[in-house]
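Below: sequence and its predicted model.
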Amino acid sequence: MSDYLIELGIILRNVRKLRGFTIQQLADKIQKSKSTLSKYERGEIAIDILTISEISQVLKISIDELLPKFSNMSSQHCQPSVAKVPSFFKNNTCFYSYYYDGRNKNIICSTLLIKKARDDNSNRVHMYMNIKDINYPQACENTYYGLMTHHDIITRFDFINRDTSIEKATIAILSPFVENDERWGLWSGISTRPVMPASIKMLFTKTPQKIDNDLKKKLIITQEDYKLLKLYNMFTVF
């Protein structure tokens, strides 16, 4: 049994459950037997490209996102071709972000995957928001596609929601050249439940963080944040 097929099967199972399909329902959609789909999810048999394409359409996920990514794959093609990559983004293609959602009193964890570099010195980026398992971020509440560009003092992300084109978001991370394993950023876009414009204070890290009260205290808007908001009449993070 191939490790690659096992990984593919786990991703398939997680996304299927997130989309609310039973094995039988998805099997009917792609005109396969329940037994065959079960073997796909257990990594016991290979999935042909046409079936992968059909599954991606039903589950509303790109083929690229269904395919496993292994750490031994070269990441040199993912790094931007600029002469100097900010310290925070050097030698890494996977980052994590956290914010506190006061509506449901939960810490929301997301994963950013840096993809192939482009000729204009930007990188394609996928952001998986509100993930349940950091090992399989494709099974998430919202998926964003976008570009990452580095500037003198700010790294900028421009995203569009894969499933809701009305939602376009930007993230700005200040001072990415500072040697640090975490940086603060500001997410600006459209929130849901209810739909409204929103700006969110986000923590970005190179490694997964423990979801606990200490992290919650860092993410909640502080008195200093309120003081700056009153001073500038705008919400900002440093």
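Right, received. Where do you want to start?

My read is that residue 56 contacts residue 66, right?
Yes - the pair residue 56 and residue 66 passes the contact test of CB atoms under 8 Å, sitting 5.8 Å apart. From N, CA and C alone the C-beta is placed, and that goes for glycine too.

what's next to the lowest-mean-pLDDT helix or strand in the chain, contact-wise?
Lowest by mean pLDDT, DSSP states H and E among the helices and strands of the chain is helix 63-66, with a mean of 84. Residues from elsewhere that reach helix 63-66, judged by CB atoms under 8 Å, 6 or more residues apart in numbering: 8, 11-12, 15, 52-53, 55-56, 126, 138, 143.

isn't residue 148 right next to residue 125, touching?
Yes - because the distance of 4.7 Å satisfies CB under 8 Å, residue 148 is recorded as touching residue 125.

what about residue 2, neighbour count?
By other CB atoms under 10 Å, 12 other residues sit near residue 2.

So for it, what's the pLDDT?
Looking at residue 2, its pLDDT reads 81.

what's it in contact with, if anything?
Applying CB under 8 Å, 6+ apart, we find residue 2 in contact with 43, 46.

let's go with 10 Å and repeat that
Each residue near residue 2 by CB atoms under 10 Å, 6 or more residues apart in numbering is listed here: 8-9, 43-46.

in which helix or strand would I find residue 99?
For residue 99, the element it lies in under DSSP states H and E is strand 94-101.

Which SSE is immediately downstream of that strand?
Following strand 94-101 in sequence order, the next helix or strand is strand 106-117 (DSSP H and E).

Okay, now the sheet partners of that next one, with direction.
Strand 106-117 has the following strand partners under DSSP bridges: strand 94-101 (antiparallel), strand 122-131 (antiparallel).

looking at the ones you listed, which is closest to residue 27?
Closest to residue 27 of these is strand 122-131 (CB to CB; 25.4 Å).

how far is the helix ranked longest in the chain from where the chain is centred?
Criterion DSSP state H: the longest helix present in the chain is helix 3-18. Centroid separation for helix 3-18 versus its chain: 17 Å, with CA atoms, centre = their mean, to the nearest Å.

Between the strands paired with strand 106-117, which one is closest to residue 25.
Between residue 25 and these, the tightest spacing by CB to CB is seen for strand 122-131, at 23.2 Å.

buried ones in that closest one?
For strand 122-131, burial by neighbour count (16 or more other CB atoms under 10 Å) applies to 122-123, 125-129, 131.

One more: stretch 31-43?
So for stretch 31-43, counting by 16+ other CB under 10 Å, buried means 32, 36-41, 43.

As CSV, the residues you listed with secondary structure, pLDDT and distance to residue 4 would be great.
Converted to CSV, the buried residues of stretch 31-43 look like this (DSSP: H, G, I helix; E, B strand; the rest coil; pLDDT from 0 to 100; distance: CB to CB, whole Å):
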residue, secondary structure, pLDDT, distance to residue 4
32, coil, 93, 20
36, helix, 95, 18
37, helix, 95, 18
38, helix, 94, 18
39, helix, 93, 15
40, helix, 93, 13
41, helix, 93, 14
43, coil, 91, 8
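
Looking at these, which is nearest residue 161?
Once CB to CB is applied, the member of those that ends up nearest residue 161 is residue 41, at 27.1 Å.

Help me confirm that that closest one comes into contact with residue 21.
No - Residue 41 lies out of contact with residue 21 (CB atoms under 10 Å); the separation is 11.5 Å.

Now do the same contact list for residue 109.
96-99, 128-134, 137, 140, 208-209, 211, 215.
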